[in-house]
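Asks: Sequence first, predicted model second:
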Amino acid sequence: MEYEATRGMPAESRVVFDVASDVSTMDRWLPEEIHVRDIAPGLAEADAETGRETHQGLMRKVPEQLRLEWGIKERPDYTGWLQVTDAGAGASEVVVHLSFLGDQPEASGSGRAGDVTRRSLERSLDRLAEEVGRRVAQPGY
């Protein structure tokens, strides 16, 4: 099952990508069950607590494409990406795409797991837009 959400952002694409890819502030906009830390230039590791399990994932920054890509180490049936594009007039757009395959509850797209995933995507993009707004309103923030 594929999930995708799009949100306009109140800043140019490079500013939005810089905010979205800043590991030190990801906790302000990602779902609270995801914890990210840098492990090498352009590469981060994440722990995601889902119910009774904790999964470890990797996230790769692709700055020249204004893109983040990630997946879970032990589950190749989950991947995701975030893409920032210019929208003109000093604004941009962020698209987040999640892919769930296999026997994961989110893979069916229906029921509680599907609803939770869709709401989580929307909330995360709302919080990212707020974080971008703060950064634009307070340069050097």
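Replies: Structure received.

Asks: Tell me how far the helix ranked longest in the chain lies from the chain's centre.
Replies: Determined from DSSP state H, the single longest helix within the chain is helix 111-137. Averaging C-alpha positions (Cα atoms, centre = their mean, to the nearest Å) puts helix 111-137 9 Å from its chain's average.

Asks: any idea of the mean pLDDT in that helix?
Replies: The pLDDT scores in helix 111-137 average 93.

Asks: which stretches of the chain aren't confidently modelled?
Replies: For the chain, the stretches flagged by pLDDT under 70 are 139-141.

Asks: most remote residue from this structure's center?
Replies: Ala89 (24.1 Å; Cα atoms, centre = their mean).

Asks: show me what contacts Val19?
Replies: Ala11, Thr25, Leu128, Glu131, Val132, Arg135 (Cβ atoms under 8 Å, 6 or more residues apart in numbering). Yep, even glycine has a C-beta here, placed from its N, CA and C like the rest.
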